[in-house]
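1. Predicted coordinates and the sequence they were generated for:
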Amino acid sequence: MLDLGKFNTQIDLKNIDPDELAKILVQHQYSMIKLVLVVGSFIILGAMFNDHRIKDQQLRAKMSQMQEKLQVINSSDVSNKDFDKFKSSLPKKLNENDLITLISDYARTNNIAITSLSPAESKDMGLYDVINVNFDAASDNFKNMILFLRKLERSDIPLMVNAWTGHEETDGRITFSIEISNVNIHT
């Protein structure tokens with residue numbers, strides 16, 4: 001064990017005698033070596049602890065970054081699933097022929113006779129396409145015509161009656177002209 005009581009020798013720093021200093025160091029050489037070893041060990045341990053602490057901080061920072069990246073990836077996956085679900089909930093796209101067929105089916109189920117049909121026009125509006133169809137039709141009574149118009153506007157397919165004009169003939173038949181639009185969202 002290191003005995004610090006041996007170092008009671010008074011040293012005047014202004015008048016240091018090298019021979020006396022050498023004599024003191026030789027007398028206490030084992031104690032000095034032990035002291036140097038202990039201080040050196042503490043310095044080495046401090047450096048090792050500091051290095052470990054720095055590596056631990058770097059590892060924690062990397063783990064935090066990875067957790068943030070995982071959260072971004074998970075939220076991206078959730079967003080992609082939600083977007084796919086939204087796209088699947090959109091009505092199916094119709095082309096001009098399918099739209100005319102759908103209108104003809106609705107007319108037939110409500111006893112409406114389509115007397116003339118203008119070709120369907122499709123317009124690209126950027127995010128969506130609009131298909132317009134104009135036709136003239138006739139109905140035996142007002143009730144069938146209203147049921148037909150209601151069927152068009154309540155369809156699962158996004159249809160809209162843009163314009164309608166009609167009148168009653170002398171024989172009681174209702175004749176009308178109608179413009180219908182369908183919107184197809186680009187996906």
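-> Sure, I can see it.
2. May I have the phi/psi pair for Val183?
-> Main-chain torsions, Val183, degrees, to the nearest 10: phi -110, psi 130.
3. what are the bridge partners for it, then?
-> Val130 (DSSP bridges).
4. what's the distance between it and Ser118?
-> Per C-beta to C-beta, to the nearest Å, Val183 is found 19 Å from Ser118. Glycine gets a C-beta too; all of them are placed from N, C-alpha and C.
5. Please say which of the two ends up with more neighbours.
-> Neighbour totals were compared for Val183 and Ser118, and Val183 leads with 17 against 12 (other C-beta atoms under 10 Å).
6. how about that one, what does it touch?
-> 128-130, 158, 160 (C-beta atoms under 8 Å, 6 or more residues apart in numbering).
7. go on, Ala138?
-> By C-beta under 8 Å, 6+ apart, the contact set of Ala138 is 112-113, 115, 173-176.
8. can you do 6 Å?
-> Residues in contact with Ala138 (C-beta atoms under 6 Å, 6 or more residues apart in numbering) are 113, 115, 173, 175.
9. Which pLDDT value goes with it?
-> Listed pLDDT for Ala138 reads 94.
10. my read is it is in a strand, agree?
-> Yes: the assignment for Ala138 by DSSP: H, G, I helix; E, B strand; the rest coil puts it in a strand.
11. and it, how far is that from Ala113?
-> From Ala138 across to Ala113, the span is 5 Å (C-beta to C-beta).
12. Can you spell out which helices and strands pack onto the longest helix belonging to the chain?
-> As assigned by DSSP state H, the longest helix anywhere in the chain is helix 29-89. Using 3 or more C-beta pairs under 6 Å, 6 or more residues apart in numbering; DSSP states H and E, no helix or strand is in contact with helix 29-89.
13. quick check, distance from it to the centre of its chain.
-> Chain-centre distance of helix 29-89: 28 Å, with C-alpha atoms, centre = their mean, to the nearest Å.
14. cool, and stretch 114-132?
-> Offset of stretch 114-132 from its chain centre (C-alpha atoms, centre = their mean): 34 Å.
15. go on, stretch 26-35?
-> Between the centre of stretch 26-35 and the centre of its host chain there is 70 Å, according to C-alpha atoms, centre = their mean.
16. before we move on, back to that, among the contacts of Ala138, which pair sits farthest apart?
-> Thr115 and Arg173 (10.7 Å; C-beta to C-beta).
17. Report the inter-axis angle for the helix or strand bottoming out on mean pLDDT in the chain versus helix 29-89.
-> Evaluated with mean pLDDT, DSSP states H and E, the helix-and-strand set of the chain has its lowest mean pLDDT in helix 18-27, which scores a mean of 78. Going by axes from the mean of the first three to the mean of the last three C-alpha atoms, to 10 degrees, helix 18-27 is angled at 70 degrees with respect to helix 29-89.
18. Would you mind listing where this structure has pLDDT under the threshold?
-> For the chain, residues meeting the criterion pLDDT under 70 lie at 1-14.
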